[in-house]
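Novice: below is the sequence, then the predicted model.
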Amino acid sequence: INSKSPHLSSSAKLTHAALCLECLVRVRCVMGSLMGMEWYCFATLGVLTAFLSFLMDLSVAKLLRAHQWLYSQLEGHCLLQFLCWTLYPVSLSALSTSFSQSICPFSAGSGVPEVRTILSGVDMPHYLSLTNLFAKYVGLICTLAAGSTVFLGKVGPFVHLSTMVGAYLNQLCTVLRGEKEERTEGAMLVVAAAVGVASCFGAPISGVLFSVEVMSSHFALKDYCPCFFAAACGALTFHLLSMWSGEQETLQALFQTSFSDDLPFYPLEIPVFAILGLLCGAGSCIYLFCHRWILLFIKTNKILIKVLSTEKALYSAMVVFLLASVTFPLSAGQYMASKLTIKQLLSSLLDSRQWTSQSHNASMVLQPNLCPWSEWISSGNPYLTLGFFLFMKLWMLVLACTLPLPAGYFMPVFIYGAAIGRLFGEGLAYVSLNVVYLDQNRNPINPGGYALAGAAAFSGAVTHTLSPALLALELTGQSTHAAPILLATLVANALARSGQRPSFYDALSISKKLPHLPSLLKVCPRLSSVPIGKVLGPRGPVLERAAGPTEVQQVLNTCSQTQIPVVDTLGDLSLLLGVLKLTRCHILFLNMTYHYFIFQVLKKQLVDMCSIQPVSVQLSPDTTVQEVRSLRRHSLVICVGVWCQYKASLRLSWTCVSFICQ
């Protein structure tokens, strides 16, 4: 107004400002009447997260193409190619480490354990700051641009990034609704966890399931619809941006496959998928053991402790140089398909053609640009390439998990499981060549289907979840393999969960000493039959309904709890009338002190001076933990008042009940 209309008076300027403010208020009222303001924030969260994901993929793709172009231009110069192959990812990894650590030291790693801790109720504001958002985003681009040499992904960090965006949108939503208090631990963060996965792969359903299984210790049903709404907005925006950039022709799955719909698999193959699940479960146990060992080794080795405390960028450069030297295409890298990117690795492993028959076809001209799977048969033996890939990538991935930079670990595990399934499927396809089938013109064994089942089973066993099975279907659009994929994932999970082994994210939480809720039923199977009275702590102060000023004053001086149980008489503790909030007790005590003489004359009691809030659910001391667990599942109350004859003052939140019954 000042620049366009300098001749206006101050009263006119105030009038224009009031009109603008009135228009904004009317817009807010109209939007709020059509749909709650939080729903607009949910949609904005999905769109913003998808845009950040697309922008990251676009930047990483350009950096990877630059590296491939430079490497191809140096063809014929072995030493220069080696330096190009190694120094490029070394520089990017060192830049990612130094940049993220200098701006925000909390930006390193996956971020999923920290987000789980925040959702459980622990206040960690540094992990949701704007500086952490900027440092993690730029650092993750540099990490992904290092390529399959480092072999790291973006799912975990992007869940963290989505949570940070959701935290600030939650503050904006609080302001728009006119509330004074900001609550960053509300539904917005739970929704953001689902949006992070949906925006990475365009898979909204598996993103919500991931949020339910991994992120929330207790998932509220009221967050179910917002999670699907925001995840659908994020997935749709991600696909539309991919169409706009030319990567996709239409709204389709991210990794298109060409599996046969007529006869995807024979019924006799279903037990074979279960055997594949056992192999993936056993492999996940080996991987988790190596991962826990390397985390413990880093925490106890004095040399590594000193290096990681002072020279993190140097440590990243040394580790990445080792990994890049091993994957050099003119040496051992030719047996590991090291020229392929992360996306090309997964696309090639899901190919439905049998590589063994293709490797013996001498008339076939291999074109790596058109057929990425040809990198697996460049040595002439795909079994050798797949076996060497699995052996080398196991210790390389475990070593890469120690890098102090923003990185995700789900996608590499997903690809590793696909390689296990591909090797298993190729072996079955080779054996089935001498078996007579009903259809003599085609081989019914599809190695790509086994690769997809192996990817879901291995990643699900590592994370102790079932969401990878649904993610595998959404990534490829292959609903025909839903049953065998789910079967393999269930069998792998059963083997991985046996023996009370922690999952990948639980191991990170333990290593970082983050508070989390372990499953006590796994550690102590007999806990379900133990009475709840033996689990709870000692009794606190109790008030009776006829309490006078002296009793109330004693309770206020000694009580440190927020709520005080109220009973009929102290002689009979079996009848719980309700609870009294401590803040109201303070007001009551001041009232009684000020009107002491009136109190003596009128002989008023506690029940006459304050309203007692009844408890929704009461439990006896003989109630078992298993019964409390059933109550937690079927009741819709927020808190359970646990009333025991000798433990009258205890009131458990759902988090505490989850800790006991999980």
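Specialist: Okay, I see it. Residues are numbered from 1 along each chain as shown.
Novice: the nearest residue to Leu144 once chain neighbours are set aside: neighbour count?
Specialist: Excluding its sequence neighbours, the residue lying closest to Leu144 (Cβ to Cβ, 6 or more residues apart in numbering) is Val60, at 4.4 Å. C-beta: built from backbone N, CA, C; applies to glycine. As a burial measure, Val60 scores 21 neighbours (other Cβ atoms under 10 Å).
Novice: just the pLDDT at Val60, thanks.
Specialist: pLDDT, Val60: 91.
Novice: likewise Phe297?
Specialist: Phe297 carries a pLDDT value of 90.
Novice: and the strand or helix carrying Ser98, what's its mean pLDDT?
Specialist: Following DSSP states H and E, one finds Ser98 within helix 78-103. For helix 78-103, the mean pLDDT works out to 90.
Novice: packing partners for whichever helix or strand comes after that helix?
Specialist: Downstream of helix 78-103, the next assigned helix or strand under DSSP H and E is helix 112-119. In terms of contacts (3 or more Cβ pairs under 8 Å, 6 or more residues apart in numbering; DSSP states H and E), helix 112-119 is packed against helix 155-176, helix 187-201, helix 504-511.
Novice: apply 6 Å and report the result again.
Specialist: For helix 112-119, the packing partners by 3 or more Cβ pairs under 6 Å, 6 or more residues apart in numbering; DSSP states H and E come out as helix 155-176, helix 504-511.
Novice: take these and lay them out in JSON lines including distance to Ser498, mean pLDDT and mean neighbour count.
Specialist: Formatted as JSON lines, these follow (distance: least, Cβ to Cβ, whole Å; pLDDT from 0 to 100; neighbours: other Cβ atoms under 10 Å):
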{"stretch": "helix 155-176", "distance to Ser498": "25", "mean pLDDT": "83", "mean neighbour count": "23"}
{"stretch": "helix 504-511", "distance to Ser498": "15", "mean pLDDT": "85", "mean neighbour count": "21"}
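Novice: between these, which one is nearest to Ala456?
Specialist: Nearest of the helices and strands packed on helix 112-119 to Ala456, taken as Cβ to Cβ: helix 155-176 at 14.3 Å.
Novice: name the helices or strands packed onto that closest one?
Specialist: Judged by 3+ Cβ pairs under 6 Å, 6+ apart, helix 155-176 is in contact with helix 37-73, helix 112-119, helix 130-145, helix 187-201.
Novice: out of the ones you listed, deepest packed?
Specialist: Stretch with highest mean neighbour count among the helices and strands packed on helix 155-176: helix 187-201 (a mean of 29; mean count of other Cβ atoms under 10 Å).
Novice: helix or strand right after that helix?
Specialist: Counting by DSSP H and E, the next helix or strand C-terminal to helix 187-201 is helix 204-210.
Novice: can you redo the helices and strands packed on helix 155-176 as a markdown table with distance to Leu514?
Specialist: Listed next are these as a markdown table, based on distance: least, Cβ to Cβ, whole Å:
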| stretch | distance to Leu514 |
| --- | --- |
| helix 37-73 | 24 |
| helix 112-119 | 5 |
| helix 130-145 | 16 |
| helix 187-201 | 16 |
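Novice: walk me through the domains of this structure.
Specialist: The domain map for the chain lists 36-244, 276-501, 539-661, with the assignment taken from automatic domain parsing.
Novice: columns distance to Ala18 on top of the ones you listed, output as a markdown table?
Specialist: Output for the domains of the chain, formatted as a markdown table (distance: least, Cβ to Cβ, whole Å):
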| stretch | distance to Ala18 |
| --- | --- |
| domain 36-244 | 18 |
| domain 276-501 | 47 |
| domain 539-661 | 39 |
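Novice: among the ones you listed, which comes closest to Pro267?
Specialist: domain 276-501 (10.4 Å).
Novice: could you check how far the residue nearest to Leu144 is from Leu169?
Specialist: Using Cβ to Cβ, to the nearest Å, Val60 is found at 25 Å from Leu169.
Novice: hey, least reliable of the domains of the chain by pLDDT?
Specialist: Among the domains of the chain, domain 539-661 scores lowest, at a mean of 56.
Novice: need the strands for the protein, in chain order.
Specialist: In the chain, the segments counted as strands under DSSP state E are 543-544, 563-569, 572-581, 618-619, 641-642.
Novice: sorry, back to before: closest one to Pro382 among the helices and strands packed on helix 155-176?
Specialist: Closest to Pro382 of the helices and strands packed on helix 155-176 is helix 37-73 (Cβ to Cβ; 23.1 Å).
Novice: which other helices and strands contact that closest one?
Specialist: By 3+ Cβ pairs under 6 Å, 6+ apart, helix 37-73 packs against helix 78-103, helix 130-145, helix 155-176, helix 187-201, helix 224-245.
Novice: now tell me what touches stretch 476-496 from outside.
Specialist: For stretch 476-496, contacts defined as Cβ atoms under 6 Å, 6 or more residues apart in numbering pick out 253, 255, 257, 259, 261, 264, 273-274, 276-278, 280-281, 284, 449, 453, 456-457, 460-461, 466, 469, 472-473.
Novice: repeat that with 7 Å
Specialist: Residues outside stretch 476-496 that contact it (Cβ atoms under 7 Å, 6 or more residues apart in numbering): 253, 255-257, 259, 261, 264-265, 270, 273-274, 276-278, 280-282, 284-285, 350, 449, 452-453, 456-458, 460-461, 464, 466, 468-469, 472-473.
Novice: list only buried entries from those.
Specialist: 253, 255, 257, 259, 264-265, 273-274, 276-277, 280-281, 284-285, 350, 449, 452-453, 456-458, 460-461, 464, 466, 468-469, 472-473 (16 or more other Cβ atoms under 10 Å).
Novice: any idea how many residues pack against Lys302?
Specialist: For Lys302, the neighbour count with other Cβ under 10 Å is 7.
Novice: meant to ask about Gly246
Specialist: 7.
Novice: state the distance from it to Ala253.
Specialist: Distance from Gly246 to Ala253, counting by Cβ to Cβ: 17 Å.
Novice: what does Ser206 give?
Specialist: Counting by Cβ to Cβ - Ser206 and Ala253 are separated by 12 Å.
Novice: same deal with Tyr409?
Specialist: Counting by Cβ to Cβ, the separation of Tyr409 from Ala253 is 23 Å.
Novice: list the residues that contact Cys290.
Specialist: Here Cys290 is in contact with Val398 (criterion: Cβ under 7 Å, 6+ apart).
Novice: if we can go back for a sec, among the helices and strands packed on helix 155-176, single out whichever gets nearest to Ile294.
Specialist: Proximity to Ile294 (Cβ to Cβ) singles out helix 112-119 among the helices and strands packed on helix 155-176, at 16.2 Å.
Novice: mutual contacts of Ser206 and Ala253, please.
Specialist: The contact sets of Ser206 and Ala253 overlap at Glu474 (Cβ under 7 Å, 6+ apart).
Novice: ok, now how distant is Leu70 from Met336?
Specialist: Leu70 is 21 Å from Met336, where distance means Cβ to Cβ.
Novice: can you check Glu247 too?
Specialist: Per Cβ to Cβ, Glu247 is found 26 Å from Met336.
Novice: same question, Thr49
Specialist: Taken as Cβ to Cβ, the span from Thr49 to Met336 is 33 Å.
Novice: do the same with Ser467
Specialist: Distance check for Ser467 against Met336: by Cβ to Cβ, it reads 28 Å.
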